[in-house]
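Q: Generate coordinates for the sequence data below:
(one chain, ligands or ions: 1)
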Amino acid sequence: MQVLKFGGSSVANAENINKAVAIIKNKKSVTKTVVVVSALGGITDLLLKTAALAEANDESYKIILKEIEDKHLGAAQELIPVQQQSSVLSLVKKICNEVEDICNGIFLLRELSARTKDRIVSYGELLSSQIIAAKLNAAGLAAEWKDAREIIVTDSNYGMAVVDFSATNKKASTFFGASAASLFIIPGFIAADKNNITTTLGRGGSDYTAAILAAALDASVLEIWTDVSGMMTADPRLVTNVKHIPQISYQEAMELSHFGAKVIYPPTIQPVMKKGIPVWIKNTFAPEESGTVIMNEATATGTSIQGISSINHIVLLSLEGSGMVGIPGFSKDCLKHWRTHPSM
Ligand code: ASP
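A: Down below sits the predicted model:
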């Protein structure tokens, strides 16, 4: 079993989806394959914008909804031969109508809860995964689409739900064990709580979905397909003479990602590290480039530092004073106060 994940830029439009499909086609014959996909690049932000406009009672949310619908219809039309288009086009229309109904509700009530926000953003991955599944099937690669909400179980902490690994692992092995398919397409980022209410795993969470499934299924490898050829010794936008890191340990990758390296969503490492599953970071736009492998050992580079990451817009608050002695939660309250009165 292998798990491949394609991020937003890898599936941003029909041209990029075709590149992802070529990679899947190439890999598929090797073993059973689970493909996890993000929403088309930029769609999650557009869905959040739509919901925020509706909450602000601004009717222009309808314009953005139309933009979202057109983007998906256009991609489906470009990817799938005309004779096979009708079912995927009506599915896209149906999903977009559902988003519109929810936004109309938000507009009327002027209210947007974290739970509803999760529901709204879930449509990004639902749309992309259904279109890609249809494309694979049209290309003769029999692919079974499965809703991640029927496998990944979380608590009800909307926006950043915590995974219930024992329930999830059971559901994953039952489903994948029973299915005769050899290629699966799963929407990343989304999950469901015990009451089947949609939740999400945090922004960038599709990497995490892929890692959760890889660990649950004891996959031999997890490949994260993105728009860069692996991890670098520093942020190439800030530093000119960066070097490519061919191999890095789980601990180092976890540290770099926690402290600003954008290439992988930080919680991703934990589940695969526990099982010792190697994670490859590969470039959808340059698949021939070697990428970076994250595994138990780093390459012996002769230096103790593999890379340097950085985080922008950080403020260090130093609190002191006798008033805080013995008062639990003091620093949290200070932070809350500072957020609402940043000039203090
Ligand atoms: N679509 C989600 C986001 O933009 C999740 C992901 O792409 O990993 O945050």
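
Q: Only C-alpha atoms from now on, for both contacts and neighbour counts.
A: Fine.

Q: could you point out where this protein is predicted with low confidence?
A: 30, 298-303, 343-344 (pLDDT under 70).

Q: Can you name the residues in contact with the helix or strand harbouring residue 15?
A: Per DSSP states H and E, residue 15 falls inside helix 14-28. The list of residues contacting helix 14-28 from outside it, by C-alpha atoms under 8 Å, 6 or more residues apart in numbering, reads 6, 9-11, 75-76, 78-79, 132, 136, 141, 183, 284-285, 287.

Q: What residues of that helix count as buried?
A: Across helix 14-28, burial judged by 16 or more other C-alpha atoms under 10 Å covers 14, 16-21, 24, 28.

Q: May I ask which two of the contacts of helix 14-28 are separated the most?
A: 76 and 287 (23.9 Å; C-alpha to C-alpha).

Q: neighbour-wise, which of the two wins?
A: residue 76 (25 against 16; other C-alpha atoms under 10 Å).

Q: so the more buried one sits right up against residue 85, yeah?
A: Yes - with contact defined as C-alpha atoms under 8 Å, residue 76 reaches residue 85; the gap is 7.3 Å.

Q: Can you show me the helices along the protein?
A: Secondary structure of the chain by DSSP state H: the helices cover 14-28, 43-55, 61-79, 85-109, 114-138, 165-178, 206-216, 250-258, 269-275, 330-340.

Q: which bits of the stretch 51-200 of the chain sit near the ligand?
A: residue 189 (C-alpha under 6 Å from any ligand atom).

Q: give me every residue that touches the residue nearest the centre of the chain.
A: Centre of the chain computed as the mean C-alpha position; nearest residue by C-alpha atoms, centre = their mean is residue 206, 2.2 Å away. Each residue near residue 206 by C-alpha under 8 Å, 6+ apart is listed here: 5, 7, 36-38, 187-190.

Q: Could you do residue 243 as well?
A: Counting by C-alpha under 8 Å, 6+ apart, residue 243 has contacts 232-234.

Q: Could you tell me how far it is located from residue 224?
A: Applying C-alpha to C-alpha, to the nearest Å, the value for residue 243 to residue 224 is 20 Å.

Q: need the contact list for residue 278.
A: 220-222, 272, 293-296.

Q: repeat that for 10 Å
A: 219-223, 249-250, 269, 272, 293-296 (C-alpha atoms under 10 Å, 6 or more residues apart in numbering).

Q: want to throw the buried residues of helix 14-28 into TSV with distance to the ligand?
A: Listed next are the buried residues of helix 14-28 as TSV, based on distance: C-alpha to the nearest ligand atom, whole Å:
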residue	distance to the ligand
14	17
16	15
17	14
18	18
19	18
20	15
21	18
24	18
28	22
